[in-house]
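Engineer: Below is the structure, and that's it, no one-letter string:
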C-alpha cells in the first residue's frame, strides 16, 4: 500500500510537472530570444481556455475546429502583443519592458473579465479515453495525455530549434541580435515567430490545463504562469531542456511535499528551493553562465 | 517635526469642522420631528458586491410592500449605497440616524460593512439587523445587533452532528482552503464538535487559496479509507476537488456547507456531485420556497437566491418587532427583536443571547444533477 501510494503520488507529480513544462517552454523561448520575461504568457493560457470554451460550448463548433481556432487566436494575439506593446520598446530599458509585460497581463485579465464576467465558466469535458491500469494504480486519460503531449512538444521544439532554418535564426538572434542582423537574419521576423510559437504553446497548455481543472476564470493563468516561470528559472531560463527539467522538479517537489510533509506548506517549500538554488547557481540547473542577466 | 505639527493642526481643524457640521445637522433635524416609519437600508448597490446588495434589497422591499398593503402601514425603506465600502456604510448609517431619523437599520449586506455599522451604532443603540452578514464578530458588537443568516460556527456544528448522528460516520477527512476564514472557521468548529461526540478526524488537509491541483491530498485521503470527506469551501474549489476525487476513484460520502450554493453551475460533469450532501439556508423542493421564488421572479424578472429569501424573512422579523413596539424607541424595539419567535419562508427563527438566529437548516443532496431535499 505504501509503495502503490508513492507511485500514485509520483504520477501526480509527473502530471503537475508536465503542465508546468508546457507553460515554461513558452516563457523560456521568448526569454531566450527577446530577453524579455513575458508576464502576459500566463494569461495567454487563459485566452486559450476561453477560446475553446467560446468556440465549442457557446458557438457549438466541432471540437477540433474549436481547438484549432483557439490556438490560432492565441498565436495571432501573441504576435499582436509583440508588435504593439513590445517591439516599440525593444531599445528601451529592460525595466520598461518588464512593466509593459505586467501591464499587458492585467489588460488581458480585465478585458476577459469585461467580456465573460468574473463568474467561473465550465470547461467542456471532451477527453473520453479509457484510464490506464497498472496493477491497482489507475492513471486517468487526462494525465497520460498531458504527459505525452508535453514530451512530444518538447521533442518537436528541440528539432525545430536545432535542425531548421528558423531554428538556426532563433539561436543566432539569442546569441547576438546585432551580429545576426549583420549576417542577413531578419531579427524582427524571428522574434515575431518566437512569440507566435510561444503563444501557440500557451494555448495548448491552457486547453490541457482546463481538461484537468475544468473551471475557466479570467485569473486562471496567474498562478500556473508564476509557477511555470519559477520552473523556467530553476532549470535555467533560456534553455529548453532546462525549462522541462525545472518543471518536472517543481511538480514533483510540490506533490511530494504535500504528500509527505505538509499540504499547506508546499508553496513555502517550493519557493525556498528556488531561493537556495538561485544563491548557489544563479543561472539555473542547465543555464549557461553569462555575465549579465536581467 | 514642524511638518508633523502642521499636519496635525490641519487635521485638528478639519475634525472640528466635521464635528460642527454634525452638530448643525442634528440640531436642525430635531425640529423636523416625528418620522418613525423610516427603516434604513445600507448595502452595496453598485460595484463588485452589487449582486448581493440588490438581492437583499429586492427581498426586503418585497416583504415591506406586502406588509404595508396588508396592514395599512406606511413603512418606508430609505436606501443608501455603501458600494461595499466600510466608511461609506458608516456615513450612510450616520445619515440615516441623524437626518432621516430611521427607527431601525436593515443592513449591511457584506460582513465587513456590517461590522463597521455595528460598532458605529453602539453610541446611539439603534436596532440593527442584517440579513446576510455571517462573520461571528458582527453580533458581538452589542445587544442591539441581530442577523437573519446563520453563522459559520452554527452550520459547522449542525454539520458535525449530522455527520455523526445521521450519517453514522466514524472516520472523517477534511480538505480545506487555509487562506479562507470561512473554510478555516467551519473546519475548526466541525473538528471540535465531531471529536467531542466521539468521531475520528483521520486527516485534515489544507491547501493554499488559488490552488487547482488537489490530487496529492486526495491520494492521501483515499489511503485512509474514511467514511466521509468534508469539503467546506466555495463552489469553484468544490467542483475542482470533486472532479479530481472522481478521477482517483475516491468513493466516499462527500459533504459541505453553504459555500456550495451554485456548485452545479460550475461542474463540467454533474456525475461528480452525485449523492454529495450540503447544508444551505433552504431545501430546494420545499413548496413554500418554490412558490416564493416564483413570486419573486414575476415581481423582478430575475431569479431569487438565498440572499433575497433571507432578506424577505429578516424584514418580516424586523416588522413584527416594530409592530409590537408602539413607542418606537430603541430599547423597546431591541427587546422585542430579542424575543422574536418568527415563522417565515425558511422556517422557524429565534435569537440566542448574541442575536444570532437559531433555526432549521436545509439539507440538500444532489441526485441526477438536481438539488433535492435530503431524507434518510
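Structural biologist: Alright, I've got the coordinates. Bear in mind the structure is a predicted one, so any value in this text is a computation, not a measurement.
Engineer: Neighbours of residue A:220, how many?
Structural biologist: A total of 28 residues lie near residue A:220 under the criterion other C-beta atoms under 10 Å in any protein chain shown. (Each C-beta comes from the backbone N, C-alpha and C, glycine too.)
Engineer: And what about it, helix, strand or coil?
Structural biologist: The three-state label given to residue A:220 by DSSP: H, G, I helix; E, B strand; the rest coil is coil.
Engineer: That one contacts residue A:48, correct?
Structural biologist: No: with contact defined as C-beta atoms under 8 Å, residue A:220 does not reach residue A:48; the gap is 10.0 Å.
Engineer: shared neighbours of the two, which are they?
Structural biologist: residue A:206 (C-beta atoms under 8 Å, 6 or more residues apart in numbering or on different chains).
Engineer: end-to-end on stretch A:46-66?
Structural biologist: In stretch A:46-66, first residue to last residue: 15 Å (C-alpha to C-alpha, to the nearest Å).
Engineer: give me every residue that touches residue B:344.
Structural biologist: Per C-beta under 8 Å, 6+ apart, neighbours of residue B:344: B:312-313, B:316-317.
Engineer: Just grab the bridge partners of it for me.
Structural biologist: Note on residue B:344: beta-bridge partners by DSSP bridges are residue B:347.
Engineer: how far away is it from residue B:325?
Structural biologist: Counting by C-beta to C-beta, to the nearest Å, the gap from residue B:344 to residue B:325 is 19 Å.
Engineer: for residue A:84, same thing?
Structural biologist: Separation of residue A:84 from residue B:325 (C-beta to C-beta) stands at 65 Å.
Engineer: between these two, who's got more neighbours?
Structural biologist: residue B:325 (21 against 10).
Engineer: the helices in chain B, which residues?
Structural biologist: B:2-32, B:50-71, B:86-98, B:111-120, B:137-140, B:152-161, B:181-196, B:215-224, B:235-247, B:287-300, B:306-323, B:330-338 (DSSP state H).
Engineer: Quick one: name the residues of the stretch 1-150 of chain A near chain B.
Structural biologist: Residues of the stretch 1-150 of chain A lying close to chain B (C-beta under 8 Å from any C-beta of the partner chain) are A:1, A:5, A:8-9, A:12, A:15-16, A:120-125, A:138, A:140, A:142-143.
Engineer: Would you show me how to pick out the buried ones of those in PyMOL?
Structural biologist: The buried residues among the residues of the stretch 1-150 of chain A next to chain B can be selected in PyMOL (16 or more other C-beta atoms under 10 Å in any protein chain shown) with this line:
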select buried, chain A and resi 8+9+12+15+16+120+121+122+123+124+140+142+143
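Engineer: List the ones among the residues of the stretch 1-150 of chain A next to chain B that fall in strands.
Structural biologist: A:121-122, A:138 (DSSP state E).
Engineer: now residue A:36, nearest residue through space, not along the chain?
Structural biologist: residue A:97 (5.4 Å; C-beta to C-beta, 6 or more residues apart in numbering or on different chains).
Engineer: who's in contact with the one you found?
Structural biologist: A:36, A:86, A:89.
Engineer: Quick one: neighbours of the nearest residue to residue A:261 once chain neighbours are set aside, just the number.
Structural biologist: Of all residues not flanking residue A:261 in the chain, residue A:269 sits nearest, at 6.6 Å (C-beta to C-beta, 6+ apart). If you count neighbours by other C-beta under 10 Å, residue A:269 ends up with 16.
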